[in-house]
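**Student:** Got a predicted structure plus its sequence, pasted below:
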Amino acid sequence: MQAIRSLFFSKWSSDVRLDGKTAVVTGANTGIGKETAKDLAARGARVILACRDMAKGEQAARDIMRDVSCAKVVARHLDLADTKSICQFAENVYNTEKALHYLINNAGVAMCPFTTTPDGFETQFGVNHLGHFFLTFLLLDLLKHSAPSRVINLSSMAHIMGKIQFDDLGGENNYHPVRAYAQSKLANVLFTRELANRTAALGVTAYSVDPGVVNTEIGRHVGGPIPALVQTFAGLLKTPAEGAFTTIYCVVTPENEMINGGHYRDCAYSKGCKAGGDDGTALKLWAASCHLLSIRWR
């Protein structure tokens with residue numbers, strides 16, 4: 001099994017230190033987010049674990065402090081489905097942090113049954129895209145103050161199947177969990193492109209990441225034979241630590257070696273899909289997102 005894995009997954013490493021830097025990682029209580037937070041802490045960064053479940057978030061913080069000598073981590077509540085919670089989290093960050101160098105929008109839900117957020121958005125679009133869009137909007141002043149800084153948005157291979165349904169962003173008319181997930185992941189890529197265009201002159205760069213096929217809990221809503229297949233071939237999937245490699249790559253790689261607004265996979269630039277490179281759609285999505293959230297972001 002290990003020999004087969006080596007054909008698919010190349011090891012990546014970097015000894016770059018992040019002493020004096022501060023990062024926010026959403027969804028850091030488990031999976032890729034937790035491994036990302038652990039890696040950043042091991043490099044000397046102060047890491048805020050932004051978690052919906054505070055019991056799990058505090059346990060993750062204890063785990064990281066146990067495994068990483070002198071780790072500087074703290075868990076704080078953030079429910080990306082609720083704009084009030086996002087506002088409260090951002091206010092807490094401004095009240096306690098002097099700088100923010102990395103915002104890693106990692107959290108997500110996948111292929112869940114149709115539900116809506118407290119603000120009335122379809123859950124996958126609301127959490128995966130709008131929640132992170134709003135969080136980035138609220139934290140942008142601190143990111144600008146701390147420049148050079150970076151925003152890293154986790155997307156998925158599923159974005160290649162996505163299409164932004166501007167006439168039905170909530171999916172109420174014809175909801176399908178996979179289609180809604182793919183739309184939200186394409187939205188992550190498009191948001192990254194437009195954000196990069198708007199903030200490059202401010203010293204804030206942005207990158208989207210496809211972590212690959214990782215053995216995490218994100219597919220817990222998927223029914224049928226897929227979970228059994230995952231268990232059967234789990235040894236061929238990336239571990240959460242391997243899934244975090246490309247995120248960390250986008251944190252530590254020198255800016256002159258990165259493409260602002262670019263999409264990254266397996267620790268390298270990737271063109272992604274044609275739809276993900278459509279600047280017109282990215283701009284239209286930006287406007288639609290601002291309208292849904294009732295914000296002005298020029």
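**Tutor:** Thanks, I have the structure now.
**Student:** wait, residue 292 sits on residue 166?
**Tutor:** No - the pair formed by residue 292 and residue 166 falls short of the contact definition of CB atoms under 8 Å, at 11.3 Å. Where C-beta positions appear, they are placed from N, C-alpha and C, glycine not excepted.
**Student:** which sections of the stretch 151-298 of the chain are below the confidence cut-off?
**Tutor:** 215-236 (pLDDT under 70).
**Student:** can you pull out the strands in it?
**Tutor:** Taking DSSP state E, counting those that start in this stretch as the criterion, the stretch 151-298 of the chain carries its strands at 204-210, 263-265, 268-270.
**Student:** Deepest in the core, which of these is it.
**Tutor:** strand 204-210 (a mean of 26; mean count of other CB atoms under 10 Å).
**Student:** Check which helices and strands it is in contact with.
**Tutor:** helix 132-145, strand 149-154, helix 177-199, helix 245-252, strand 263-265 (3 or more CB pairs under 8 Å, 6 or more residues apart in numbering; DSSP states H and E).
**Student:** hang on, the earlier thing: can you put the strands of the stretch 151-298 of the chain in a markdown table and add distance to residue 242?
**Tutor:** Shown next, in a markdown table, are these (distance: least, CB to CB, whole Å):
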| stretch | distance to residue 242 |
| --- | --- |
| strand 204-210 | 13 |
| strand 263-265 | 13 |
| strand 268-270 | 15 |
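**Student:** among those strands, which is nearest residue 237?
**Tutor:** strand 204-210 (14.2 Å; CB to CB).
**Student:** Residues contacting that closest one, please?
**Tutor:** 140, 143-144, 147-157, 159, 188-189, 192-193, 195-196, 199, 246-247, 250, 255, 258, 260-265, 270, 272, 276 (CB atoms under 8 Å, 6 or more residues apart in numbering).
**Student:** pLDDT wise, what is residue 95 at?
**Tutor:** Predicted confidence (pLDDT) for residue 95: 98.
**Student:** Can you say which of the contacts of strand 204-210 are buried?
**Tutor:** Buried by 16 or more other CB atoms under 10 Å: 140, 143, 149-156, 159, 188-189, 192-193, 195-196, 199, 246-247, 250, 258, 260-265, 272, 276, out of the contacts of strand 204-210.
**Student:** If you count neighbours, what's buried in whichever strand or helix holds residue 62?
**Tutor:** Using DSSP states H and E, residue 62 sits within helix 54-67. Buried residues in helix 54-67, counted by 16+ other CB under 10 Å: 56-61, 63-65.
**Student:** which of residue 292 and residue 166 has more neighbours?
**Tutor:** residue 292 (19 against 11; other CB atoms under 10 Å).
**Student:** So residue 25 belongs to a helix, correct?
**Tutor:** No - using DSSP: H, G, I helix; E, B strand; the rest coil, the assignment for residue 25 is strand, not a helix.
**Student:** for it, what are its contacts?
**Tutor:** Applying CB under 8 Å, 6+ apart, the residues near residue 25 are 33, 36-37, 40, 47-50, 104, 106.
**Student:** Could you count how many residues lie near the residue nearest to residue 19 when sequence neighbours are not counted?
**Tutor:** Once flanking residues are discounted, residue 19 sits nearest to residue 44: 3.6 Å by CB to CB, 6 or more residues apart in numbering. Residue 44 is flanked by 16 other residues according to other CB under 10 Å.
**Student:** what's the pLDDT at residue 44?
**Tutor:** pLDDT, residue 44: 98.
**Student:** Quick check: phi and psi on it?
**Tutor:** phi 100, psi 0 (degrees, to the nearest 10).
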